[in-house]
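Participant: sharing a model prediction with you, sequence too.
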Amino acid sequence: MASKADKTQGGIVETIKTVFWALLIAGVFRTLFFQPFWIPSGSMKDTLLIGDFLFVNKMAYGYSQYSCPFSACPIEGRLFGSDPERGDVVVFRHPTQGVDYIKRLIGLPGDKIQMIDGVLNINGTPVKLENQPPFEEVMAQQGPQRLTPRCENAPVGMGDICIKGRQIETLPNGVSHSILNITNTGPVDSTPVFTVPDGEYFFMGDNRDNSEDSRFPQVRGGLGFVPAKFLIGRADRIMFSSAGRSLFYFWTWRADRFFKAVE
């Protein structure tokens, strides 16, 4: 019969084994299927807020050199997965800056994209827009970078209410989402026609006057078109959200955003 000490030691060993395998499985799961992403800026408000934490579905579009965990992944093209759909919120590697971005997929290969007086036009047709109550937030420093929002009602003092116009935008495939707007006369509120090349995509932020996206060409330091091989995955659900400088500031947690679907 085993002694009490032996049983205690055996219990500790079993606990260590359990923790080891749990961490190993979690690591494999993360490497193969999901990648964590913390929202650092306000370019996707009000769909995504600074401090939202989500997992990126790396299998949504298959593996590429930027999402595949294996060295055998192809340099060009993708393995498995399906084609991205217009309206998806996508994490991808910036083609020239080498950092990860998150934006909404607006233009597919062959599409003609243009902004006219702040209204998105796809293949010569303006998208449907429905006015909504304005988006309001407190003028304050946000997130670890201590960013302050831009406001339609500027100038706004610290602690006062910052307002942006809000609309529901419906894309040609029926996907609807919220967008924010400050002005219709900004530098990319009226653009030339962008024809999306084969195998590439056109992305925009939902916070239209506060987003560095495909409206800015790469030759001017912008995002430009994004080749398929740079796609990492689709953002499907917010897991956690904190309005503070650190996730440990529990009094700044946004409980109403926990496990919220990304639309």
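Facilitator: Alright, I've got the coordinates.

Participant: can you list the low-confidence ranges for the stretch 1-150 of the chain?
Facilitator: Segments of the stretch 1-150 of the chain classed as low confidence (criterion: pLDDT under 70) are 1-33, 63-81.

Participant: now do the strands in it.
Facilitator: Counting by DSSP state E, counting those that start in this stretch, one finds strands in the stretch 1-150 of the chain at the ranges 34-38, 52-57, 89-93, 100-107, 112-116, 119-122, 125-126, 128-138.

Participant: could you dump the ones you listed to CSV with distance to residue 226 and mean neighbour count?
Facilitator: (C-beta placed from N, C-alpha, C; glycine too.) Output for the strands of the stretch 1-150 of the chain, formatted as CSV (distance: least, CB to CB, whole Å; neighbours: other CB atoms under 10 Å):
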stretch, distance to residue 226, mean neighbour count
strand 34-38, 16, 16
strand 52-57, 15, 21
strand 89-93, 6, 23
strand 100-107, 8, 23
strand 112-116, 13, 18
strand 119-122, 17, 17
strand 125-126, 23, 11
strand 128-138, 25, 13
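
Participant: would you turn those into JSON lines with distance to residue 256?
Facilitator: Shown next, in JSON lines, are the strands of the stretch 1-150 of the chain (distance: least, CB to CB, whole Å):
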{"stretch": "strand 34-38", "distance to residue 256": "18"}
{"stretch": "strand 52-57", "distance to residue 256": "12"}
{"stretch": "strand 89-93", "distance to residue 256": "19"}
{"stretch": "strand 100-107", "distance to residue 256": "21"}
{"stretch": "strand 112-116", "distance to residue 256": "32"}
{"stretch": "strand 119-122", "distance to residue 256": "29"}
{"stretch": "strand 125-126", "distance to residue 256": "33"}
{"stretch": "strand 128-138", "distance to residue 256": "14"}
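
Participant: quick one: which of those is nearest residue 189?
Facilitator: Taking CB to CB as the criterion, strand 112-116 is the member of the strands of the stretch 1-150 of the chain that comes nearest to residue 189, at 5.7 Å.

Participant: which other helices and strands does the closest one contact?
Facilitator: Under the contact criterion of 3 or more CB pairs under 8 Å, 6 or more residues apart in numbering; DSSP states H and E, strand 112-116 touches strand 119-122, strand 194-195.

Participant: let's go with 10 Å and repeat that
Facilitator: Using 3 or more CB pairs under 10 Å, 6 or more residues apart in numbering; DSSP states H and E as the contact criterion, the elements in contact with strand 112-116 are strand 119-122, strand 125-126, strand 194-195, strand 200-204.

Participant: can you redo the ones you listed as TSV with distance to residue 156?
Facilitator: Listed next are the helices and strands packed on strand 112-116 as TSV, based on distance: least, CB to CB, whole Å:
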stretch	distance to residue 156
strand 119-122	26
strand 125-126	30
strand 194-195	33
strand 200-204	25
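
Participant: residue 35: which of those is closest?
Facilitator: In terms of CB to CB, the element of the helices and strands packed on strand 112-116 nearest to residue 35 is strand 200-204, at 17.7 Å.

Participant: and the closest one, how far from the chain's centre?
Facilitator: Put simply, strand 200-204 sits 13 Å off its chain's centre (CA atoms, centre = their mean, to the nearest Å).

Participant: what do you get for stretch 125-140?
Facilitator: Stretch 125-140 has its average C-alpha position 18 Å from the chain's average C-alpha position, going by CA atoms, centre = their mean.

Participant: so for residue 188, which of the helices and strands packed on strand 112-116 sits nearest?
Facilitator: strand 200-204 (9.3 Å).

Participant: so what strands line up beside the helix or strand that that closest one is followed by?
Facilitator: Beyond strand 200-204 in the direction of the C-terminus, DSSP states H and E gives the next helix or strand as strand 226-227. Taking DSSP bridges as the criterion, strand 226-227 sits next to strand 200-204 (antiparallel) in its sheet.
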